[in-house]
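[1] quick one, fold the following:
(one chain, ligands or ions: 1)
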Amino acid sequence: MYRCMICGLEFDHPLLVIRNEIVDSDGNRERQIKVVCPSCWMGEQYFENTEET
Ligand SMILES: [Zn+2]
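    Numbering: from 1, shown residues only. As a prediction, the model looks like this:
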């Protein structure tokens with residue numbers, strides 16, 4: 001389980017956001033997958049793993 005340090009939400013699986021970004025002047029695109037909090041959409045650097053091992 002993860003907890004978001006920004007909004008405090010706890011969740012099992014973060015949200016995956018897939019974006020197609022144009023990476024050069026020819027219009028070539030690169031797919032980028034971002035992992036975000038399902039509530040506030042902050043990135044994974046703001047997650048805290050609450051699992052006890
Ligand atoms: Zn959050």
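
[2] point out the residues in the protein that sit beside the ion.
    Contacts of the chain with the ion, taken as C-beta under 5 Å from the ion, map to 4, 6-7, 9, 37, 39-40. Any C-beta I mention is one placed from the backbone N, CA and C, and that applies to glycine too.

[3] rerun at 8 Å
    Neighbours of the ion within the chain, by C-beta under 8 Å from the ion: 4-9, 37-42, 46.

[4] which of those residues are buried? Put it as a ChimeraX command.
    The ChimeraX command for the buried members of those (criterion: 16 or more other C-beta atoms under 10 Å) is given here:
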select :4,37
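
[5] assign I18 to helix, strand or coil.
    Following DSSP: H, G, I helix; E, B strand; the rest coil, the label given to I18 is strand.

[6] what residues are bridge-paired with it?
    I18 forms beta bridges with I33, as assigned by DSSP bridges.

[7] cool, I22 as well?
    R29.

[8] follow-up on the earlier one: in strands, which of the residues of the chain next to the ion appear?
    C4 (DSSP state E).

[9] would you mind giving the residues of the chain next to the ion as JSON lines with pLDDT added?
    Shown next, in JSON lines, are these (pLDDT from 0 to 100):
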{"residue": "C4", "pLDDT": "97"}
{"residue": "M5", "pLDDT": "97"}
{"residue": "I6", "pLDDT": "97"}
{"residue": "C7", "pLDDT": "98"}
{"residue": "G8", "pLDDT": "97"}
{"residue": "L9", "pLDDT": "97"}
{"residue": "C37", "pLDDT": "97"}
{"residue": "P38", "pLDDT": "96"}
{"residue": "S39", "pLDDT": "96"}
{"residue": "C40", "pLDDT": "97"}
{"residue": "W41", "pLDDT": "95"}
{"residue": "M42", "pLDDT": "96"}
{"residue": "Y46", "pLDDT": "96"}
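
[10] so which of the residues of the chain next to the ion comes closest to E21?
    W41 (16.8 Å; C-beta to C-beta).

[11] so that closest one touches P14, yeah?
    No. Counting by C-beta atoms under 8 Å, W41 does not reach P14; the two are 10.1 Å apart.

[12] would you enumerate the residues in contact with E30?
    20-21, 23 (C-beta atoms under 8 Å, 6 or more residues apart in numbering).
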